[in-house]
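*Asks:* Take this sequence and fold it.
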Amino acid sequence: MLTGPFQRLPGSSEGWTAGDPWLLPISDGFDAKASAATESAAEAVRGAARPLWIAAHGLCLALALLLAAEGATGWMGGGSQAVHPVAKVPVVTASAS
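*Replies:* The predicted model follows:
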């Protein structure tokens, strides 16, 4: 149950009715068809964005392959190779007896 200022917000689960304006589709009461100019402009934008879409997906694929190759082979030198070895010093213990 919702209380306080969140009680009557759009999308709340209480009191849904079909007459609520935020549940109705945005159509202004008629089926509006897009004009030919709108369709041609949308197609031109899609066509212009297609090379960028392909390049972005190619970059993601290349990065994924590089990450998989680095993880499988360790060719970037991560892990124990990046840490310099420390010389062990002999421990001398003194006896009181």
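
*Asks:* mind showing which ranges of this protein have poor pLDDT?
*Replies:* In the prediction, the chain carries residues with pLDDT under 70 at positions 1-32, 77-85, 97.

*Asks:* The same query, at a cut-off of 80, please.
*Replies:* For the chain, applying pLDDT under 80 flags the ranges 1-34, 74-87, 89-92, 94-97.

*Asks:* For it, which segments count as strands?
*Replies:* For the chain, no strands turn up when DSSP state E is the criterion.

*Asks:* ok, which stretches of it are helices?
*Replies:* Along the chain, counting by DSSP state H, helices occupy 36-73.

*Asks:* Could you give the number of residues near Met76?
*Replies:* Around Met76 sit 13 other residues, with neighbours defined as other CB atoms under 10 Å. For the C-beta atoms, the positions are set from N, CA and C on the backbone; glycine is no exception.

*Asks:* try Val89
*Replies:* Other residues within reach of Val89 by the criterion other CB under 10 Å amount to 6.

*Asks:* quick one, phi/psi of it?
*Replies:* When read as degrees, to the nearest 10, the backbone of Val89 gives phi -100, psi 130.

*Asks:* what do you get for Ser95?
*Replies:* Taking degrees, to the nearest 10, you get phi -110, psi 140 for the backbone angles of Ser95.

*Asks:* Near it, how many residues? Count them for me, please.
*Replies:* Residue neighbour count, defined by other CB under 10 Å, stands at 4 for Ser95.

*Asks:* Please apply the same query to Leu67.
*Replies:* Using other CB under 10 Å, Leu67 has 11 neighbouring residues.

*Asks:* Over to Glu70?
*Replies:* For Glu70, using other CB under 10 Å, the count is 13.

*Asks:* Surely it and Leu63 touch.
*Replies:* No: counting by CB atoms under 8 Å, Glu70 stays clear of Leu63, with 10.5 Å between them.
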